[in-house]
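Sequence and computational prediction follow.
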Amino acid sequence: MKTVTVIDYGMSNLRSVSKALEHVAGKDWHVIVSDQADVILHSDKVVFPGQGAIGNCMTLLQQTGLDDVIKQALEKPFLGICLGLQTLFSRSEESGGTTGFNWINGTVRHFVRPDDSFKIPQMGWNQVQQHQSHPLWHGIPDNSRFYFVHSYYVDPEDRAVIMGRTPYAGFEFTSAIARDNVFAVQFHPEKSQHVGLKLLKNFLDW
């Protein structure tokens, strides 16, 4: 049986992610939630979810040694969710400036609200415009709506990694990226009903 491991670093809603994966996994996959390096690195695929402040996240990863584990896990089929996307970048404006994994060159930026009609954080459903075809988009209509909760967005230097964009606060921000064996999203597929479950199933099938 193949295994997909959800990385547990102590500050994420892992239950909803693992339950969503179990829902789409079928008989071929065993879903594991773990903070153990040997479990993560011996799994077939890895999911790195996250929520909260990136500064606290990176500190916990460094304290537990999971930062080095994640760097190695990026060689596997890897799905990043929310902070699991933002930590892949070089730096973040959050927490006075936080260094990420630098796997993608770019900056995580705070939304600038153009007027009172936009709420920060963005919380709720919004469209994702697919900018490139990708196996994880299979069977998901362009401009499908996914669930977001965030005040920061990623700004990659290499536009070739952009898989999806979303309109908010008067402009479009990058809401999905991919490179090689890694796909990462700002939205929460585990909270995005049918299309979110489809994306998770596509990840397992990828």
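Perfect, thanks for sending it. Numbering: from 1, shown residues only.

and the gap between the residue positioned nearest the centre of the chain and residue 114?
What sits nearest the mean C-alpha location of the chain, by Cα atoms, centre = their mean, is residue 81, with 1.9 Å. Separation of residue 81 from residue 114 (Cβ to Cβ, to the nearest Å) stands at 27 Å. C-betas here are computed from N, CA, C, even on glycine.

Is the residue nearest to the centre of the chain in contact with residue 50, as I believe?
Yes: here residue 81 reaches residue 50: they are 6.8 Å apart, a contact under Cβ atoms under 8 Å.

quick one: the strands in this protein?
Counting by DSSP state E, the chain has strands at residues 2-7, 29-34, 45-50, 78-82, 89-92, 98-99, 104-110, 122-130, 144-150, 152-156, 162-168, 171-179, 182-185.

Take those strands and lay them out in CSV including distance to residue 57 and mean pLDDT.
Formatted as CSV, the strands of the chain follow (distance: least, Cβ to Cβ, whole Å; pLDDT from 0 to 100):
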stretch, distance to residue 57, mean pLDDT
strand 2-7, 11, 97
strand 29-34, 17, 96
strand 45-50, 6, 95
strand 78-82, 10, 97
strand 89-92, 10, 97
strand 98-99, 9, 94
strand 104-110, 11, 97
strand 122-130, 19, 97
strand 144-150, 13, 97
strand 152-156, 12, 97
strand 162-168, 22, 98
strand 171-179, 18, 97
strand 182-185, 14, 98
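
any chance of those in TSV, plus distance to residue 56?
Listed next are the strands of the chain as TSV, based on distance: least, Cβ to Cβ, whole Å:
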stretch	distance to residue 56
strand 2-7	15
strand 29-34	20
strand 45-50	10
strand 78-82	14
strand 89-92	12
strand 98-99	9
strand 104-110	14
strand 122-130	20
strand 144-150	15
strand 152-156	14
strand 162-168	24
strand 171-179	23
strand 182-185	19
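
what's residue 166 in contact with, if anything?
126, 127, 128, 129, 148, 172, 173, 175, 186, 187 (Cβ atoms under 8 Å, 6 or more residues apart in numbering).

Let's see if you can find the most crowded of those residues.
residue 186 (29 neighbours; other Cβ atoms under 10 Å).

tell me the contacts of it?
By Cβ under 8 Å, 6+ apart, the neighbours of residue 186 are 82, 85, 86, 148, 150, 153, 154, 166, 173, 174, 175, 176.
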